[in-house]
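Student: kindly return the folded structure for what I paste below:
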Amino acid sequence: MAEQTHVLFVEDDDVIREATQLALERDGFAVTAMPDGLSGLEAFRANRPDIALLDVMVPGLDGVSLCRRIRDESTVPVIMLSARADSIDVVLGLEAGADDYVTKPFDGAVLVARIRAVLRRFGHASGGDARADGDGSAGTGGVLTFGELEVDTEGMEVRRAGDPVALTPTEMRLLLEFSSAPGTVLSRDKLLERVWDYGWGGDTRVVDVHVQRLRTKIGQDRIETVRGFGYKLRA
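Tutor: So this is what the prediction gives:
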C-alpha cells in the first residue's frame, strides 16, 4: 500500500479546519490540523509534512510569517489560503516563499486538485522531468551555460559565478522552462500551464512574483520582461 501524503493544515476557523481535514482524509491524505501559527510551526518541525496549507490570517504567528519560517528550513511545497483574491496578502504570501494560493471559500475538489498539481511538479523537479533539451546555449552533459549562470538539468543544480544557488522546486522548474528556450518569449499563461500545471487560466501574479524571486537569485538582468507578452531568458 502506497504511503499517504502528509498535509499540514493551519486554520483557526474550527468549522473550516474540521470540514477540510475530513475532505482531505476522504481523498486519501494524512492530515495534521492546527489552529494557529505557533502550533503549526511546532507540528511542521515534528512531522515534516509533504505539503503545508496555511491560512493567511491565523493567530500567534500569521500565515505569511509561518511560511517564511518554513521556507528558512525547508523547500516543502506551501499553498496559502486567503479570503480575498485581490488582497495584498496573496502577494505577501508568494513573496514569503509560497508556491501557490487558493481563495476562500474554496471547493474541496478544487483544493485537492491544486494540492496534487503542486505535488506533481515537485516530484517532477526532483525526478528530472524537465523540458531542458533546448538549443542556443553552451553546455555539455546536461549543463547549460548562460554567461556566469550554469544550469545542470540532470543534477538539478544551479551555479552563479561558480557558487551554488538554492532554488525551490517551483523556481527550478521555472528556470528550466526559460533555459529550454533561451531568447524565446514565454507568456505568463504558458508558464502557468507548464510550471504550475494549470490547464485553465490562473492568477498571473503567481508567475510575476516567482520570476522576481528567481531574478534575485540568478541576477536581475538574466530574465527580461517583454511588456505585453511575457518573459524571456537572456541567452
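Student: and the nearest residue to Leu191 once chain neighbours are set aside, what is it in contact with?
Tutor: Counting by CB to CB, 6 or more residues apart in numbering, Leu191 lies nearest to Val207, which is 5.0 Å off, once chain neighbours are set aside. (C-beta placed from N, C-alpha, C; glycine too.) Taking CB atoms under 8 Å, 6 or more residues apart in numbering, we find Val207 in contact with Arg188, Leu191, Leu192, Val195, Trp196, Tyr231.
Student: got TSV for those residues, with neighbour count too?
Tutor: Output for the contacts of Val207, formatted as TSV (neighbours: other CB atoms under 10 Å):
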residue	neighbour count
Arg188	19
Leu191	24
Leu192	19
Val195	25
Trp196	21
Tyr231	23
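Student: and the spatially most central residue of the chain, what does it touch?
Tutor: Centroid-nearest residue in the chain: Asp99, 2.4 Å away (criterion: CA atoms, centre = their mean). Listed by CB under 8 Å, 6+ apart, the contact set of Asp99 reads Pro77, Val78, Ile79, Val118, Thr168, Pro169, Thr170.
Student: domain assignment for this protein?
Tutor: Per the record, the chain has its domains at 6-127, 143-233, by automatic domain parsing.
Student: neighbours of Leu94, how many?
Tutor: Using other CB atoms under 10 Å, Leu94 is surrounded by 25 other residues.
Student: element containing it, please.
Tutor: If you go by DSSP states H and E, Leu94 is part of helix 88-95.
Student: next one: Leu53
Tutor: Assigned by DSSP H and E, Leu53 falls in strand 51-55.
Student: enumerate the positions of the next helix or strand after that strand that are buried.
Tutor: Helices and strands here follow DSSP H and E; after strand 51-55, the next one along the chain is helix 63-73. Residues of helix 63-73 classed as buried: Gly63, Val64, Ser65, Leu66, Cys67, Arg68, Arg69, Ile70, Arg71 (neighbour count, 16 or more other CB atoms under 10 Å).
Student: farthest-apart pair in the residues you listed, please.
Tutor: Of all pairs drawn from the buried residues of helix 63-73, the greatest distance, 12.3 Å, lies between Gly63 and Arg71 (CB to CB).
Student: now do the SS call for Gly28.
Tutor: Of the three states, Gly28 takes coil according to DSSP: H, G, I helix; E, B strand; the rest coil.
Student: and for it, the neighbour number?
Tutor: Gly28 has 10 neighbours, counted by other CB under 10 Å.
Student: phi, psi of Gly60?
Tutor: Here is the backbone geometry of Gly60 (degrees, to the nearest 10): phi 80, psi -70.
Student: and if you look at Ile223?
Tutor: phi -110, psi 120.
Student: and the pLDDT for it?
Tutor: pLDDT, Ile223: 96.
Student: OK, contacts around it?
Tutor: Phe178, Val211, Leu214, Arg215, Tyr231, Lys232, Leu233, Arg234.
Student: ok, now with 10 Å
Tutor: For Ile223, the contact set (CB atoms under 10 Å, 6 or more residues apart in numbering) comprises Leu174, Leu175, Phe178, Leu186, Val211, Gln212, Leu214, Arg215, Tyr231, Lys232, Leu233, Arg234.
Student: what does Met80 give?
Tutor: By CB under 10 Å, 6+ apart, Met80 lies in contact with 52-56, 63-64, 66-67, 89-90, 92-94, 96-103.
Student: and the strands in this protein?
Tutor: For the chain, strands defined by DSSP state E occupy the ranges 6-10, 30-34, 51-55, 78-82, 100-103, 143-146, 149-152, 157-160, 163-164, 223-226, 230-233.
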